[in-house]
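K.L.:
I would like to see how this sequence folds:
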Amino acid sequence: GESRREIRQKLGFGPEELVVLFVGRGEDKVKGARQVAAALEELARRYPSLRLLAIPGTGFQPAPWLCRAGQVPHQQMAGYYRAADLFVNASFSEGMPLTVIEAMHAGLAIVAAPVGGIPEVIRAEQTGLLLRRDHRDLVSQLDRLIREDALRQKLGKAARQAAEELSWDHLARQTVEVYRRLF
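P.N.:
Take a look at the predicted model:
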């Protein structure tokens, strides 16, 4: 696979830029894309090196801080997670959010809405930051991760460990289930 630097270069990101990853369409009301765009608009004024990497990113209004990746085949997604510095999920409704688990595996600090299965996989302030239900703290939670390198690193590392445990835990449960059926 390509290195983080190569992927970032290909997407046009410099080493000094801070990249927030969002997976969804701009026109998707449920994913909170409008709220994410508004938050980035505000934060990019404070932090000129801030970028939003949106996949596929259709439906977002063009902005100097926006990079729309278009459709990315699933097997290439890992590289895009690696290229980012943090991950945002601002959904208003969600089942088991695969993108959140993938972001955890990639060791990204995450800001996510407390919907669906998210509160089960993200422990607030330990493996990520959970938004309030009304998303009103989206700007301030993103701001913390942009400003605080140490917090970003700490949450990202803890998220990666938690994701590995999730997978093993899941595997162990499946294995137990198989044995139960056999014996």
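K.L.:
rest of the way, CA atoms for contacts and neighbours
P.N.:
Fine.
K.L.:
Please name every helix or strand in contact with the helix-or-strand element of the chain with minimal mean pLDDT.
P.N.:
One helix or strand of the chain scores below all others by mean pLDDT, DSSP states H and E: helix 149-182, with a mean of 87. Where contact means 3 or more Cα pairs under 8 Å, 6 or more residues apart in numbering; DSSP states H and E, helix 149-182 is packed against helix 98-105, strand 109-112, helix 138-147.
K.L.:
quick one: the longest one to chain centroid distance?
P.N.:
I take that to be helix 138-147. Once both centres are worked out by Cα atoms, centre = their mean, to the nearest Å, helix 138-147 turns out to sit 13 Å from its chain's centre.
K.L.:
ok and that helix relative to helix 149-182, angle-wise?
P.N.:
Counting by axes from the mean of the first three to the mean of the last three Cα atoms, to 10 degrees, helix 138-147 lies at 110 degrees to helix 149-182.
K.L.:
where does the residue nearest the centre of the chain fall, phi/psi-wise?
P.N.:
The centroid of the chain falls nearest to Phe87 when counting by Cα atoms, centre = their mean (2.4 Å). Note on Phe87: backbone dihedrals following degrees, to the nearest 10 are phi -130, psi 140.
K.L.:
so it makes contact with Val36?
P.N.:
No - using Cα atoms under 8 Å, Phe87 is not in contact with Val36, being 11.1 Å away.
K.L.:
What confidence value was assigned to the residue nearest to Phe92 when sequence neighbours are not counted?
P.N.:
Distances taken as Cα to Cα, 6 or more residues apart in numbering place Val30 nearest to Phe92, at 5.3 Å, with adjacent residues excluded. Confidence at Val30, expressed as pLDDT, is 88.
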